[in-house]
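*Asks:* give me a 3D structure for the following:
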Amino acid sequence: GNGLISTAVACDHRLHTPMYFFLLNLALLDLGCISTTLPKAMLSCSESYLREVGLLLFSVCLASVFFVFIVVSYVQIFRAVLRMPSEQGRHKAFSTCLPHLAVVSLFLSTVMFTYLKPFSVSSPFLDVAAALLYSVIPPTLNPIIYSMRNKEIKHALSKVLQYALFWIQ
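*Replies:* Here you go, the predicted structure:
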């Protein structure tokens, strides 16, 4: 789903607007998130520990960049929506953005819960459930949210799929 959305937004010039720029960034973020494995326990030897800490710091920096992209994209979208003259248009735009905002909130809250909770609250079942919530559910829901509600994405995806089927045959 995310790969198709990324391809559709990148290839269709009519989708080069702030909303679809946001969607492209989100799809790429989701692809990165779903391609990682569930969190693993740190190894005890010092060289491995330093590698893990370095990887963790790099991941935090990368996640921060993506978070800034998401915040900037939302600011641009809300500014554009609030300038719309039609109340019906504003309602449609907000009804498209708000389900995604709920998914982003689910992702961020479960990630923060997982990594910022005290060790005394930790249990294997709770850790796996939270990891599934932030690593599987949001990337799965995002394509569904956008492809089912947006005619432009449906049209662009149908063009991409027709092109792919043409080359397969």
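
*Asks:* tell me which residues are up against the host helix or strand of residue 10.
*Replies:* Element membership for residue 10 (DSSP states H and E) is helix 2-11. When contacts are defined by Cβ atoms under 8 Å, 6 or more residues apart in numbering, helix 2-11 is touched by residues 15-16, 20-21, 23-24, 27-28, 30-31, 34, 139, 142-143, 146-147, 153, 156-157, 159-161. C-betas here are computed from N, CA, C, even on glycine.

*Asks:* try 7 Å this time
*Replies:* The contact list for helix 2-11, computed with Cβ atoms under 7 Å, 6 or more residues apart in numbering, reads 15, 20, 23-24, 27-28, 30-31, 139, 142-143, 146, 153, 156-157, 160.

*Asks:* likewise for stretch 109-123?
*Replies:* With Cβ under 7 Å, 6+ apart, stretch 109-123 has contacts from 127, 130-131, 133-134.

*Asks:* quick one: the helix or strand residue 105 falls within to chain centroid distance?
*Replies:* Using DSSP H and E, residue 105 sits in helix 87-116. Offset of helix 87-116 from its chain centre (Cα atoms, centre = their mean, to the nearest Å): 10 Å.

*Asks:* rewinding a little: next step: the contacts of stretch 109-123 restricted to helices.
*Replies:* Under the assignment DSSP state H, the contacts of stretch 109-123 contribute 127, 130-131, 133-134 to helices.

*Asks:* can you redo those as CSV with distance to residue 48, pLDDT and neighbour count?
*Replies:* Formatted as CSV, those follow (distance: Cβ to Cβ, whole Å; pLDDT from 0 to 100; neighbours: other Cβ atoms under 10 Å):
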residue, distance to residue 48, pLDDT, neighbour count
127, 20, 80, 16
130, 24, 81, 20
131, 21, 78, 16
133, 28, 78, 17
134, 24, 76, 22
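
*Asks:* ok, then the element right after the helix holding residue 10?
*Replies:* Per DSSP H and E, the first helix or strand lying C-terminal to helix 2-11 is helix 18-34.

*Asks:* any idea of the angle that following helix forms with helix 2-11?
*Replies:* Computed by axes from the mean of the first three to the mean of the last three Cα atoms, to 10 degrees, the angle separating helix 18-34 from helix 2-11 equals 150 degrees.

*Asks:* so which elements touch the very next helix or strand once past helix 18-34?
*Replies:* Once the chain leaves helix 18-34, the next helix or strand it forms, by DSSP H and E, is helix 46-82. Packed against helix 46-82 by the contact rule (3 or more Cβ pairs under 7 Å, 6 or more residues apart in numbering; DSSP states H and E) you find helix 18-34, helix 87-116.

*Asks:* thanks again, I'm all set now.
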